[in-house]
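Novice: Mind looking at a prediction? Sequence and model below.
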Amino acid sequence: MPWKLSKRLRDAYREGNVARRVQDFEGWMERATPEAVDSGDYDHTKLVKDYYDLYSELMTWSWGESLHFAPLAPHETLEDSKIRHQRLMIDKLDLKQGMTVVDVGCGIGGPMRRVVREAGVQVVGINNNTIQLGKAKRLNAKAGLDHMVDYSACSFMNMNGIEDNTFDGGYAIESTCYAPDKKRAFEEIFRVLKPGALFWGQEMCLTDKFNPNDNRHCDLKHDLQRDLALKDIATFGEVNQALEAVGFHIIEGMDREVSGEGATPWYQPMESRHGMLGNVLFRLPKGRRMIVAGSKLAEMVGLFPKGSAEVFRSLDQAADAYVEGGKTGIFTPLYCFLARKPH
């Protein structure tokens, strides 16, 4: 496994000076001033692309091909939970053979492959990250699904190459939460969907428990924004308002986090292996710390590229922010909505 990971990291970090890139990323909030945005000196869409350039390979190694959260059930593997969640989305979108569907921010195509296999629809993947898009193409070809998928290397904030009223349906799984302007993102998605088309989204959100007057809550929000490249974190109501402002009719919207006695919280895979099976080495706190230390040694002996340990450290920091946000109840990555573009 270390040799395979070594090759993957070398392929991902050919641009060099990885430690400096991590440092630059972690200081993005200081650069993202209104003045810098207005003058064009700061572009959040580019920052998110750089974020995935740095972290996508390790995310995939630790989390699998579907880079999203899912409601968890006791004694169910993380992968099984994600499959169950993707099947819920397929059912809600009422997908039928012959449809063409847009995957907004497709990542490396984990959900896309599930949608193609089980619904038999054509999918167009939107992604401005060419590294992720290239990997999606290779994995789709390996799965024998490349004839069912097309790709558009662009930002979902500006899909100029796609005509109005093109798609029979669409989904965005933890992608539009990165939009610098959520309303503008939904407006562009609305434009490319056909009248009557359904749109499923999964957003990272602040819950009703967030108190803007609580210093700890504000510090946690800041840490989540910084570590996850989120320009802002919307509330459920703000997501709904942005959808309705561009013309979507909301059919349902809810936090799909399972609660109650015996439930498994969404952040469980990053805290303990209770109720979870499978490879959890880099997900658990002790394992993450061990790998951060081990990656420094791997750099010294030339197994990992210089700066890899900083990437591991930064992802460990992000995992801590996820867990704290989940434990306090102020943050969820599972606000899911179903909306329709009116006829």
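Specialist: Perfect, thanks for sending it.

Novice: if I've got this straight, residue 224 is in a strand?
Specialist: No. Under DSSP: H, G, I helix; E, B strand; the rest coil, residue 224 falls outside any strand and is assigned helix.

Novice: which ones are touching it?
Specialist: 204, 230, 233, 321, 322, 325, 331 (CB atoms under 8 Å, 6 or more residues apart in numbering). For every residue, glycine as well, the C-beta is placed using N, CA and C.

Novice: what stretches of the stretch 1-150 of the chain score poorly on pLDDT?
Specialist: Regions of the stretch 1-150 of the chain meeting the criterion pLDDT under 70 cover residues 1-3.

Novice: Show me where the stretch 151-300 of the chain has its strands.
Specialist: Under the criterion DSSP state E, counting those that start in this stretch, the stretch 151-300 of the chain contains strands at 167-173, 193-206, 249-255.

Novice: What of the stretch 1-150 of the chain?
Specialist: 100-104, 122-126, 149-152.

Novice: right, and the ones you listed - which one's nearest residue 272?
Specialist: strand 100-104 (32.3 Å; CB to CB).

Novice: Now do the buried residues in the closest one.
Specialist: For strand 100-104, burial by neighbour count (16 or more other CB atoms under 10 Å) applies to 101, 102, 103, 104.

Novice: Stretch 184-194 now?
Specialist: 185, 186, 187, 188, 189, 190, 191, 192, 193, 194.

Novice: What's the separation between the residue lying farthest from the centre of the chain and residue 309?
Specialist: Within the chain, residue 301 marks the point farthest from the mean C-alpha position, 32.9 Å out by CA atoms, centre = their mean. Here the criterion is CB to CB, to the nearest Å. By it, residue 301 lies 12 Å from residue 309.

Novice: Between the contacts of residue 224, which sits nearest residue 29?
Specialist: residue 230 (10.0 Å).

Novice: Now do the contacts for the closest one.
Specialist: 177, 178, 204, 224.

Novice: The third one is in contact with residue 330, isn't it?
Specialist: No. With the criterion set as CB atoms under 8 Å, residue 204 and residue 330 do not qualify as a contacting pair; they are 11.7 Å apart.

Novice: Could you point out which residue ranges in the stretch 201-343 of the chain have low pLDDT?
Specialist: In the stretch 201-343 of the chain (pLDDT under 70), the answer is 260-262, 273-283, 285.

Novice: need the helices for it, in chain order.
Specialist: 215-228, 236-245, 285-300, 308-328 (DSSP state H, counting those that start in this stretch).

Novice: mind checking which of those helices is nearest residue 144?
Specialist: helix 308-328 (31.8 Å).

Novice: Please identify every residue contacting each of residue 204 and residue 330.
Specialist: Going by CB under 8 Å, 6+ apart, no residue sits against residue 204 while also sitting against residue 330.

Novice: nearest spatial neighbour of residue 223, skipping sequence neighbours?
Specialist: Using CB to CB, 6 or more residues apart in numbering and skipping residues adjacent in sequence, the residue nearest residue 223 is residue 321, 4.4 Å away.

Novice: Output the buried residues of stretch 184-194 in CSV; the columns should cover distance to residue 219 and pLDDT.
Specialist: Formatted as CSV, the buried residues of stretch 184-194 follow (distance: CB to CB, whole Å; pLDDT from 0 to 100):
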residue, distance to residue 219, pLDDT
185, 27, 97
186, 29, 98
187, 33, 98
188, 33, 97
189, 33, 98
190, 35, 98
191, 38, 98
192, 38, 98
193, 39, 98
194, 44, 98
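
Novice: Find the residue at the geometric middle of this protein.
Specialist: residue 174 (4.1 Å).

Novice: what's that one in contact with, if anything?
Specialist: Residue 174 touches 67, 68, 69, 105, 202, 203, 204, 333, counting by CB under 8 Å, 6+ apart.

Novice: now with 10 Å?
Specialist: For residue 174, the contacting residues are 66-69, 105, 107, 111, 201-204, 228, 333-334, by CB atoms under 10 Å, 6 or more residues apart in numbering.

Novice: Same question for residue 110.
Specialist: 60, 63-68, 79, 82-83, 86, 136, 139, 173.

Novice: could you dump these to CSV with neighbour count and distance to residue 94?
Specialist: Formatted as CSV, the contacts of residue 110 follow (neighbours: other CB atoms under 10 Å; distance: CB to CB, whole Å):
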residue, neighbour count, distance to residue 94
60, 20, 30
63, 19, 28
64, 17, 27
65, 19, 25
66, 25, 21
67, 22, 25
68, 19, 21
79, 17, 25
82, 24, 21
83, 18, 19
86, 22, 15
136, 25, 25
139, 18, 26
173, 29, 17
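
Novice: Serialize the residues you listed to TSV and add fields for distance to residue 97.
Specialist: Below are the contacts of residue 110 laid out as TSV (distance: CB to CB, whole Å):
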residue	distance to residue 97
60	29
63	30
64	27
65	24
66	23
67	27
68	25
79	26
82	23
83	20
86	18
136	22
139	22
173	22
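
Novice: Let me know the closest of these to residue 211.
Specialist: Using CB to CB, these come closest to residue 211 at residue 68, 27.2 Å.

Novice: Any figure for the gap between that closest one and residue 103?
Specialist: 12 Å.

Novice: Which neighbours do these two have in common?
Specialist: 111, 173, 175.

Novice: Serialize these to TSV and add fields for distance to residue 120.
Specialist: Converted to TSV, the shared contacts of residue 68 and residue 103 look like this (distance: CB to CB, whole Å):
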residue	distance to residue 120
111	15
173	19
175	23
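
Novice: Cool, thanks, talk later.
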